[in-house]
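Asker: below are the sequence and a predicted model for it; my questions follow.
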Amino acid sequence: MKLFNSFFSFSFYFFILSIITFTFTFATDADSESECTKTIDEIEEKCQLYKKPTEELCKNYNDLKCNKIILEGVTSIPECKNISKESAESLLISYTKSANDFFGHCETDENGKVCPMAQLVSKAYSEQNEDERKTAMEESCKSAKCRDSFITFFKIFGDNIGEEFKNFSKICESIKIESSSSSSSSSSSSNTSLKTTSILFGLLYVLLHFIL
């Protein structure tokens, strides 16, 4: 009987401890998410994402690195490190939608020039034509910064983008391969030309030696 009572007491205390732990964890998660959401709201306010992008606002957007959440994820913010994966994904999509116009107008390459793809993202899909999309994607692929930024941007929206944009990373990869092949070919031609020049100089030297 004593053994039964001991087992019952242990089970009861374990049950109570489990409830307390669950309640504490739930409260902590809720507090973390609330703090994270508040911080993101403040970032949106500072970046003025509720306005229409202008050259001045784009400068503010880039100076404050307002695209950091999109490119590095919500958990890159200290106040958001402890939130759940589901909450992080939901907040990321929400922020990206808010920043969509600014990302479209303001994303720049290594030289500070607006990415060609940026102009397309800010336009309605129905207003774009196939050639325009193709050219913009190919030109953006030439910049590592533009390429990486938009690949990340498109991944966030998953299937909710045009078919061409889903293949953006593949287009960039094919351009990279073509560029690499072209460089190799150019290097090979250069080496061949150098060897030919060396042979001609050698023959000229021998010829002059016999003449003189």
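Answerer: Nice, thanks for sending it over.
Asker: residues in contact with residue 46?
Answerer: By Cβ atoms under 8 Å, 6 or more residues apart in numbering, the contact list for residue 46 reads 64, 66. From N, CA and C alone the C-beta is placed, and that goes for glycine too.
Asker: secondary structure element for it?
Answerer: helix 2-47 (DSSP states H and E).
Asker: next one: residue 83
Answerer: Going by DSSP H and E, residue 83 is not part of any helix or strand.
Asker: angles on the backbone of it, please.
Answerer: Main-chain torsions, residue 83, degrees, to the nearest 10: phi -80, psi 160.
Asker: with residue 108 instead?
Answerer: Per degrees, to the nearest 10, the backbone of residue 108 is at phi -120, psi 160.
Asker: now the one helix or strand residue 102 maps to: buried residues?
Answerer: In the assignment (DSSP H and E), residue 102 maps to helix 85-106. Neighbour counts over helix 85-106 (16 or more other Cβ atoms under 10 Å) mark 87-88, 91-92, 95-96, 98-106 as buried.
Asker: quick one: which of the residues you listed is nearest to residue 173?
Answerer: residue 103 (22.2 Å; Cβ to Cβ).
Asker: relative to residue 83, how far out is that closest one?
Answerer: Going from residue 103 to residue 83 by Cβ to Cβ, to the nearest Å gives 23 Å.
Asker: over to residue 113?
Answerer: From residue 113 to residue 83 the distance is 36 Å (Cβ to Cβ).
Asker: looking at the two, which one has more neighbours?
Answerer: residue 83 (23 against 11; other Cβ atoms under 10 Å).
Asker: packing partners of the helix holding residue 102?
Answerer: Other helices and strands packing on helix 85-106, by 3 or more Cβ pairs under 8 Å, 6 or more residues apart in numbering; DSSP states H and E, are helix 2-47, helix 55-63, helix 68-72, helix 116-121, helix 144-157.
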